[in-house]
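S.K.: Any chance you could fold what I've pasted below:
(chains A, B, C and D)
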4 protein chains.
Amino acid sequence: MIRTVAQYLESLDDGREMWCMGERVKDVRTHPTISGIIRTAALDYVLPHHPEYRHLFVTQDEDGEAVNYLLTSPKSAQDLLRRRECFATAMRTGGGVLLHCMGADALAAFTVTANAMDKALGTDYSQRVENYRKLLMKQDLGITGAITDVKGDRGLRPSRQKQHPDYYLRVVDRQKEGIVVRGAKVHISASPCANELLCSPCRTHGEEDKDYALAFAVPCNAKGVKMLAVEPVNRTYGAEGRFDYPKTSALQPTECLIVFDDVFVPWERVFMCGEWQYSRMLAYAFGSYHRLFGTCKMIGKLEAITGAAALVAEYNGVAHADHIRKKLAWMAMITHMVAELGKAACLDPVKEFGLDVAMPNPMSINAAKFTFASNFHQMCQHLQDIAGGLCTTVPAYRDWQNPDIQPYIDKYLGAKEGVPTEHRLRLMRLIKDVTCNYWQIDTIHGEGSMAAQQMHLYGNADWDTLKAAAMRAAHIDGWQDNPIYGKLLSAEDVEMPPVDESYASIPVGLK
Amino acid sequence: MIRTVAQYLESLDDGREMWCMGERVKDVRTHPTISGIIRTAALDYVLPHHPEYRHLFVTQDEDGEAVNYLLTSPKSAQDLLRRRECFATAMRTGGGVLLHCMGADALAAFTVTANAMDKALGTDYSQRVENYRKLLMKQDLGITGAITDVKGDRGLRPSRQKQHPDYYLRVVDRQKEGIVVRGAKVHISASPCANELLCSPCRTHGEEDKDYALAFAVPCNAKGVKMLAVEPVNRTYGAEGRFDYPKTSALQPTECLIVFDDVFVPWERVFMCGEWQYSRMLAYAFGSYHRLFGTCKMIGKLEAITGAAALVAEYNGVAHADHIRKKLAWMAMITHMVAELGKAACLDPVKEFGLDVAMPNPMSINAAKFTFASNFHQMCQHLQDIAGGLCTTVPAYRDWQNPDIQPYIDKYLGAKEGVPTEHRLRLMRLIKDVTCNYWQIDTIHGEGSMAAQQMHLYGNADWDTLKAAAMRAAHIDGWQDNPIYGKLLSAEDVEMPPVDESYASIPVGLK
Amino acid sequence: MIRTVAQYLESLDDGREMWCMGERVKDVRTHPTISGIIRTAALDYVLPHHPEYRHLFVTQDEDGEAVNYLLTSPKSAQDLLRRRECFATAMRTGGGVLLHCMGADALAAFTVTANAMDKALGTDYSQRVENYRKLLMKQDLGITGAITDVKGDRGLRPSRQKQHPDYYLRVVDRQKEGIVVRGAKVHISASPCANELLCSPCRTHGEEDKDYALAFAVPCNAKGVKMLAVEPVNRTYGAEGRFDYPKTSALQPTECLIVFDDVFVPWERVFMCGEWQYSRMLAYAFGSYHRLFGTCKMIGKLEAITGAAALVAEYNGVAHADHIRKKLAWMAMITHMVAELGKAACLDPVKEFGLDVAMPNPMSINAAKFTFASNFHQMCQHLQDIAGGLCTTVPAYRDWQNPDIQPYIDKYLGAKEGVPTEHRLRLMRLIKDVTCNYWQIDTIHGEGSMAAQQMHLYGNADWDTLKAAAMRAAHIDGWQDNPIYGKLLSAEDVEMPPVDESYASIPVGLK
Amino acid sequence: MIRTVAQYLESLDDGREMWCMGERVKDVRTHPTISGIIRTAALDYVLPHHPEYRHLFVTQDEDGEAVNYLLTSPKSAQDLLRRRECFATAMRTGGGVLLHCMGADALAAFTVTANAMDKALGTDYSQRVENYRKLLMKQDLGITGAITDVKGDRGLRPSRQKQHPDYYLRVVDRQKEGIVVRGAKVHISASPCANELLCSPCRTHGEEDKDYALAFAVPCNAKGVKMLAVEPVNRTYGAEGRFDYPKTSALQPTECLIVFDDVFVPWERVFMCGEWQYSRMLAYAFGSYHRLFGTCKMIGKLEAITGAAALVAEYNGVAHADHIRKKLAWMAMITHMVAELGKAACLDPVKEFGLDVAMPNPMSINAAKFTFASNFHQMCQHLQDIAGGLCTTVPAYRDWQNPDIQPYIDKYLGAKEGVPTEHRLRLMRLIKDVTCNYWQIDTIHGEGSMAAQQMHLYGNADWDTLKAAAMRAAHIDGWQDNPIYGKLLSAEDVEMPPVDESYASIPVGLK
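M.R.: Below is the predicted model of the structure:
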């Protein structure tokens, strides 16, 4: 089944316990900021119906029924490339697959591990996973992965934590019909928009930690599940949000701290329980799949950032400066590399564990992730540097809407002829939204830009002395009048006996 | 005179026209967010009365009256060191000298340029500057510098702008009693807290731009002065601000876009008007002084950031990891270097232009500024990296204050034994406050930390082949079984004629 | 035809004028150091005969005769991938394709430009290029590209040089049978081993520079061609070379400064003469092809360097240190990225200019080149860092061969049990060979390694004060006793009027 | 006593056992390459006699006799500043203090540790050290420090080494008159020029390693001392060396592997023997002093490198390019910072261990060392980048001296008018000498410079798409026609219920 947006929105009215900024969320669909991400998540139910994208997002299950492609398990390079195309396209759209990225990657990882456990231990996890997959497909449920435990003291294993044993999600009771779990998962993306939570370990376990080797799925409104939504990045919405925080108002953080307060999970939804030797494989498989998503997420982000840098250079009238072009070239290069390395990871997948699944090439996918993670701050620095201080001090929507002050803003914050001031403001707001923090920008632009320091350093260095140092070293005349190097002695003046030319290892000198 | 806090606060009730978020600010002292920085600025009137700091901030004028030291002009290395000590101490305090940093640096720069103009052109600017300084001292006024013009198209000079001629502040009328000025200054720090605005060019001018070569001072409530305050970094205040944004709620951005809508300035307050050859000197002198302030500002910031990194490593239980220690060592090194280079700039000042003033050494001060500006993003990256994703998803004050959910937060977001959860939350909020943006942190921690990628890259690299490449190159046996390098040919197998040993330049080979 | 090694070597005895270290080279095949690269270049005539590599290097011409694949023009992604495979394999072998890389890339670029010129100008260059290609194939000649002019003052165009007009190669006479050329090309790789020189412009030209828009081919022994070989990297050969400089003794620099002292070129070997509008295309096409070679060249080099780092970590007994592993992971990542980006450049070629040729994707190939060029020094730094100072002070072959001192070297320069000292010496010599210079290594290891500084910085930083700064900022108790932060004032103590809660833009505070 | 050069040279004829390149060195004063560094070391006996430098290098002992200042122990900031001035001046001279740097720092460290041991353990080491110092002063001996052990397996402590117990220098016999020592020290700078070797541990020891806690001094010609000199960086000398390797031919590496083959040391020359708790202090004190020397050594080196970059930019005709100036500014900044941080380390010394000695500030001195060590490769990269490929393919002296080819070199390797070709060659040789290795330069310049890649990346990036990404994100019209971003859906089109405006935490939206 492929649900409609209306069906999806309807499904969210399920009585879940969610909190935001200390207030109980009455309805995620109407909360001022959370409704923004619900709207974005709804794209997952628009794209499969759209003629341009249907071929990507829709496939058929064994009954011939149309189902969401992201709920299938990738088996080849071609499957990974299509998955990548779904992710990249939807994220460029502005946040589609928000709702399926974590969950789809967790589901794929469940498949890998279930197969391996069944083969080695004679368990029947694969059947459970396939049954659950069928349920998801038939009902077209929105899923997310709940992976990261709160961890407590990171220097201690799960079972050795000192304050309480619940810093990692664990089974506290094994009953006939199912299990009872306790603990909390943190930073769980897309959870306000999801129907189902797929839970998985986030680390390697030893035998003593076997109660923590635990994978399962529960609905978001399961009894005992409490979702504490993270603070919105900003507290704006509607037209104000669109203007002031054009990117984050549509893509406010979706993370929740999810507490599992003795939640019951029936056995058919349990996909690992005690098989501590396989926690590592599950975490590794999830990570490999999810880094592929990460590189797709970044394509749109890096394109927007690089494009914003090119655009603001134009708006500011500095597009022709050589150092600006070099920065832009570098930003375009990083953007290109992340995309290509992600593609390379699909083209040359690994068939881990001898199973019928394809996982992204680990060298390429980790190189892609590391490339953007290690360079993103530098990209922000370049963008902030090119934009100028206005990317932090730009007026806000409420300023711009006020007719008493708009004329002054319009007059004074224009720049390049032909560019409406409002365009420049909107672009600066975008840059503020995606690169801000205030301190970083202040650090660059307060007391003059880095280019100003470079100019002063160039202008104030004692080039005569520095060149004299080089000339003297290279035996080029011209250093003799320098006050520092000119008066120095030379070892050349030391009188030495003649060289003994009888050593075999050294060629005889030129006379 | 040294004013009391009460006198200072009283002086701000002066009818100035200020706007914030599209609303007219009724009283800066009671506006929810602006009052936070007023409170911080008021430290400038606490420190001189405090027994520990009086010796730094208070000196005597020629009449023997106690006056603010920052209103004097530095004449020696000792003066610069004391100025540095004032700046560094007050900024560590949390934002003292907020109100005097820009203004004091502008005033010092006026002195430099006035002397130079008088000497070369026979003007009487020095006398005007000294009279104005006396006024400031006697009334102990809060001053800020208004330097940066809005600039329009940055590729065009002031007089060549296409849309209108007012992108740089200019004189539009010269009258008997004074001049009329029009234009706007942007990013003007401390302006909501100031009594006086000291305006100065921000760039070099040519003769055609002489109407823009303009320096003067006006009160903040002068007719025609409109101050458009920048949006607060966050919209919290009081206890919520203290918890959620501990640093910025006390140090919200203070910048205004200041419009000069045909403002009249009497001649005794005009310190440059048309002397375009001296715009460069004024901008340069201001920049040199103000970068000294910048390095002082950063001491406290870098200490807080470096300390937060050390503390969060402890709270998270990872203080003993080698890679954490190396990051901490680097952060401590940058912090130390900025402080030491600022000190070096004072110890070896330049006596520019043959005048009786001392300016910070330009190599040292620009190196100091460049060191923090070019490394700050890296420091943020390290801090975000060490803190973990919780530094963006940490609950907010309104969450923590809610008794229904506090117990869960308390239980699950603890870490190292002995550290109260609230302490960890407060520290994470600080880190969120000073390093955030959400995208940067997501970029690092989404899909696993950089250390995870490094682990996978290390684990997945084909070390056998790589080592075989090295062994083969070094003629060490062991590469022969490698599938890639083992089967390669070697040039050694090519049969060559014997070497001709008769060349003088090459020593004969060892047999 | 596919020549044998013997036929190739025979062909080099052609009376060419070559100099090395001021001495006339009597025979390139027997010169002590040049013969080393001749031996390496001869691999180009071994690989096509070898059963493992024949499928890569040999194809058939239109007559069905076996010819060198590198002499064909790539028309598709598949062709580029095969070309890449040839380059990468042969360079891993130790320097195969040395002789064909520059020449093959120049030949491919001639094809691109000839087609474009013929189409636009009605010339018959394509026919000439194809005839010349046929000659090369039938005789299986070794070719190199002579691209870089000596350039004189780089700030001036070719025709505006002040000292003489010959800083860029130019036509000085157009005769009935051919043209006469004068000038010099510099850094011409593989020229001592080549039969033919393919000359091409290295930059964009304007109309005034049309005499410099010049492409042609001449044999190495043409009258007036003078080849001045660059100094060998080291002056060793034979067994001493193998031990002391295992990589460069087989791959000594092959560059010549080639003087064209009024050399005659018949028209059938002229491929551009005056068509200044096409110099840019020729230079661009050559650059695109040659950067593909560059990435292939680096695969083997980066593998050897990364492998050497892993191996020396083992030999030194430090392979388990976390910071070593992070460095190794990074080196493996760069190595991997260069290979993958080169592959990506082939997979997504550009069909420039509407012609039937495929050129490497310019984003990917330039990203690949930039990745290794901008990171190579860092890789050297890591390798030198891991190896320790011994990679510069390691004994040489003549030391090791001396029975009086070998026992001491053997005893004292061993390290990890089970690793023969000779292996460690050979590896250190390789590292010295490929990363040295002495100053760099001294800079790292003199006065203690960087890790030592990091340890001292960590050990000496004033962590109490730094943490106090953070605690105070985050409102966490514990900073009060710190001598610096403990006594500072707080703005909290300033008495302020109550906040006005009537502003619409700010939410009401939590009581 | 202050010896003359002649006296110094005479003293080297002492029968020492030294080897170089497998050959027994008959006389260090006449060996072709070693004599070069002897000449340089002799500056230590020229400077004290020179009127300009006498005040730095000469002081008086308690008898009023003139002695070498570097043999005294620094007790204050002033002493450290003078020591720094000696080091920096002599190193700028071209290598003065070569002979005293390691030894003087070891002697200072002996003083620190002897005092501490005497105080804690009641030993009489201080007296021995002072007696030895007096001997050195009276005879004006040249001294070096022998610190670094060969170490074997770096993962194992000295006493746990598996192959033999001699990887760290140790006492093998304690006799009535003295001790017998066995082991080897590696990379011992200045040892060919020294009269005396001052040996010290290079690491922390545990009790089980107490036989390795060993400090003493012996003459270079002591029985059982074998010095194996490192290979010269190049094998040139005389005029050829001056031209081809202007810096290293005067400053060839001086390091020896020194074997102590059961060497007897009388008790009065033993300064630690078994006091394992103090090894750490000795190593730490030596390191702190010696890093001060390191920063002084680098001043001259960095000045020569930075100056060479400025000069070659001029010679090549590219001095006005913005990106060149930014690189030069950065190089000048690093050079300045190293000098200033070294000075700061002297100005704020630590008085460790409560003793009457001053040691450089550990934060500043380690920051200085780390600054140059971590940035030196980048400086080399910049210099190689600015110089161009000719800095590796530049002709050598033997080429230039050959009248048959000199005219061609002279003509074709000129550049900027007014700069003699020979000057350009000499400068390129200097750059080759100090930054080379061939691979690094090839990596940058092979297949086009990095600026070429940046140009291509800038030219080939899909700016339309990138800008469309930004415009769409910022809600600026103009992206609609882009083939990638134009057709994407928008979450704005999703129909959502109206927002619930009753949440206290979010301000009501602007209508």
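S.K.: hang on, A:Val171 is in a strand, isn't it?
M.R.: Yes - per DSSP: H, G, I helix; E, B strand; the rest coil, A:Val171 lies within a strand segment.
S.K.: Report pLDDT for it.
M.R.: On pLDDT, A:Val171 comes in at 97.
S.K.: again with the one 5 residues further on
M.R.: Here, the pLDDT recorded for A:Lys176 equals 97.
S.K.: Check the secondary structure at it for me.
M.R.: The local conformation at A:Lys176, judged by three-state DSSP, is coil.
S.K.: What sits closest to A:Ile365 if chain neighbours are left out?
M.R.: Among residues not flanking A:Ile365 along the chain, A:Ala345 sits closest, at 4.0 Å (Cβ to Cβ, 6 or more residues apart in numbering or on different chains). Yep, even glycine has a C-beta here, placed from its N, CA and C like the rest.
S.K.: Now the element after the helix or strand the one you found falls within, going C-ward?
M.R.: Taking DSSP states H and E as the definition, one finds A:Ala345 inside helix A:322-347. The helix or strand immediately downstream of helix A:322-347 is helix A:362-387, counting by DSSP H and E.
S.K.: on that earlier part again, the residue nearest to A:Ile365: neighbouring residues, count only.
M.R.: A:Ala345 has 30 neighbours, counted by other Cβ atoms under 10 Å in any protein chain shown.
S.K.: Contacts (any at all) between chain C and stretch A:237-257?
M.R.: No - judged by Cβ under 8 Å from any Cβ of the partner chain, stretch A:237-257 makes no contact with chain C; its nearest approach is 9.3 Å.
S.K.: least trustworthy helix or strand in chain A by mean pLDDT?
M.R.: Lowest mean confidence among the helices and strands of chain A (mean pLDDT, DSSP states H and E): helix A:438-445, at a mean of 68.
S.K.: Any part of stretch A:283-290 near chain B?
M.R.: Yes - contact of stretch A:283-290 with chain B (Cβ under 8 Å from any Cβ) involves A:Gly287, A:His290.
S.K.: For that stretch, C-alpha coordinates in PDB please.
M.R.: Extracted C-alpha coordinates of stretch A:283-290, given in PDB (Å, rounded to 0.1, in the frame of the first residue of the first chain):
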ATOM      1  CA  ALA A 283      25.800  -1.600  14.700                       C
ATOM      2  CA  TYR A 284      28.300  -1.900  11.900                       C
ATOM      3  CA  ALA A 285      25.700  -2.800   9.300                       C
ATOM      4  CA  PHE A 286      23.400   0.100  10.400                       C
ATOM      5  CA  GLY A 287      26.400   2.500  10.300                       C
ATOM      6  CA  SER A 288      27.400   1.500   6.800                       C
ATOM      7  CA  TYR A 289      23.900   1.900   5.400                       C
ATOM      8  CA  HIS A 290      23.300   5.100   7.300                       C
END
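S.K.: and it, is it in reach of chain C?
M.R.: No - using Cβ under 8 Å from any Cβ, stretch A:283-290 stays clear of chain C, coming no nearer than 15.3 Å.
S.K.: what is the mean pLDDT for the helix or strand encompassing A:Phe260?
M.R.: Under the criterion of DSSP H and E, A:Phe260 resides in strand A:256-266. For strand A:256-266, mean pLDDT is 96.
S.K.: Now do it against strand A:170-174, angle only.
M.R.: 20 degrees (axes from the mean of the first three to the mean of the last three Cα atoms, to 10 degrees).
S.K.: any residues touching strand A:256-266, and which ones?
M.R.: A:18, A:146, A:150, A:169, A:172, A:175, A:177-188, A:191-192, A:197, A:216-218, A:222-230, B:393, B:395, B:408-409, B:412-413 (Cβ atoms under 8 Å, 6 or more residues apart in numbering or on different chains).
S.K.: give me the beta-bridge partners of A:Leu198?
M.R.: A:Leu198 has these beta-bridge partners by DSSP bridges: A:Gly145, A:Ala217.
S.K.: Excluding covalently adjacent residues, which one is nearest to the closest residue to chain C within the stretch 1-150 of chain A?
M.R.: Evaluated by Cβ to the nearest Cβ, the stretch 1-150 of chain A has A:Gly22 as its residue closest to chain C, separated by 7.9 Å. Once flanking residues are discounted, A:Gly22 sits nearest to B:Arg398: 3.3 Å by Cβ to Cβ, 6+ apart.
S.K.: That neighbour and A:Asp118, how far apart?
M.R.: 47 Å (Cβ to Cβ, to the nearest Å).
S.K.: the more surrounded of these two?
M.R.: B:Arg398 (22 against 16).
S.K.: which other helices and strands contact the stretch of helix or strand the more buried one belongs to?
M.R.: Per DSSP H and E, B:Arg398 falls inside helix B:397-400. Other helices and strands packing on helix B:397-400, by 3 or more Cβ pairs under 8 Å, 6 or more residues apart in numbering or on different chains; DSSP states H and E, are helix B:238-244, helix B:406-412.
S.K.: I'd like to know which of the ones you listed is closest to C:Gly155.
M.R.: Among the helices and strands packed on helix B:397-400, the nearest to C:Gly155 by Cβ to Cβ is helix B:238-244 (56.6 Å).
S.K.: ok, back up a step: for ChimeraX, write the select line for the buried members of the contacts of strand A:256-266.
M.R.: Restricted to buried positions by 16 or more other Cβ atoms under 10 Å in any protein chain shown, the ChimeraX selection for these reads:
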select /A:18,146,150,169,178,179,180,181,182,183,184,185,186,187,188,191,192,197,216,217,218,222,225,226,227,228,229,230 /B:393,395,408,409,412,413
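S.K.: and the stretch 251-400 of chain A, which residues reach chain D?
M.R.: So far as Cβ under 8 Å from any Cβ goes, the stretch 251-400 of chain A lies against chain D at A:300, A:303-308, A:310-311, A:321-323, A:325-326, A:328-330, A:332-333, A:335-336, A:397-398.
S.K.: one more time with 10 Å
M.R.: Residues of the stretch 251-400 of chain A that fall close to chain D, judged by Cβ under 10 Å from any Cβ of the partner chain: A:251, A:299-312, A:314-315, A:321-333, A:335-336, A:397-398.
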